[in-house]
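Undergrad: compute the structure for the input listed below.
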Amino acid sequence: MILKTARKVVIFIIGSTIVLIGIIMIVAPGPAVVVIPAGLAVLGTEFVWAKLLLKKMKAKTLGAFEAMGFSGSAPDESKPPESPAATPPDVKNSPP
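TA: Sure, this is the predicted structure:
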């Protein structure tokens with residue numbers, strides 16, 4: 001019982017510190033958009049509210065990317081064309 005409570009306290013301190021550092025990174029230089037979800041993921045190992053908040057943030061982020069036109073997978077047009085040297089020569093149309 002005491003070990004379980006101690007684990008929750010340690011997870012809370014570590015996760016909260018990471019989230020706090022991420023919030024500071026919003027105004028200071030740093031990858032806040034990476035650090036804040038990482039802190040929530042740490043907190044989500046012990047707290048349901050953090051897991052739900054992380055899920056909500058992920059859904060909003062995916063919705064924003066879709067609104068900007070990103071689908072998450074590369075369209076067929078974005079694949080590089082094959083070079084002519086990579087294709088075998090056409091025997092019927094080759095000069096005699």
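Undergrad: where does this protein dip in pLDDT?
TA: Applying pLDDT under 70 to the chain flags the ranges 72-96.
Undergrad: what residues of the top helix by length along the chain count as buried?
TA: Determined from DSSP state H, the single longest helix within the chain is helix 2-27. Under the neighbour-count criterion of 16 or more other C-beta atoms under 10 Å, helix 2-27 has 11, 15, 18-19, 21-22, 25 buried. All C-beta spots, glycine's among them, are computed from the backbone N, C-alpha and C.
Undergrad: in JSON lines: those, plus distance to Phe70.
TA: JSON lines is the format used below for the buried residues of helix 2-27 (distance: C-beta to C-beta, whole Å):
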{"residue": "Ile11", "distance to Phe70": "33"}
{"residue": "Gly15", "distance to Phe70": "29"}
{"residue": "Ile18", "distance to Phe70": "27"}
{"residue": "Val19", "distance to Phe70": "26"}
{"residue": "Ile21", "distance to Phe70": "28"}
{"residue": "Gly22", "distance to Phe70": "23"}
{"residue": "Met25", "distance to Phe70": "23"}
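Undergrad: nearest to Ala41 among these?
TA: Among the buried residues of helix 2-27, Gly15 lies closest to Ala41 (C-beta to C-beta), at 8.1 Å.
Undergrad: re the thing from before, from the buried residues of helix 2-27, which two are the most distant?
TA: Longest distance between any two of the buried residues of helix 2-27 is 21.0 Å, between Ile11 and Met25; criterion C-beta to C-beta.
Undergrad: so who does the closest residue to Glu46 other than its chain neighbours touch?
TA: Excluding its sequence neighbours, the residue lying closest to Glu46 (C-beta to C-beta, 6 or more residues apart in numbering) is Ile11, at 4.4 Å. With C-beta atoms under 8 Å, 6 or more residues apart in numbering as the criterion, the residues that contact Ile11 are 42-43, 45-47.
Undergrad: hmm, back to that, identify the residues contacting the helix or strand following the longest helix of the chain?
TA: Following helix 2-27 in sequence order, the next helix or strand is helix 32-44 (DSSP states H and E). With C-beta under 8 Å, 6+ apart as the test, helix 32-44 has contacts from 11-12, 14-23, 25-26, 50-51, 53-54, 57-58.
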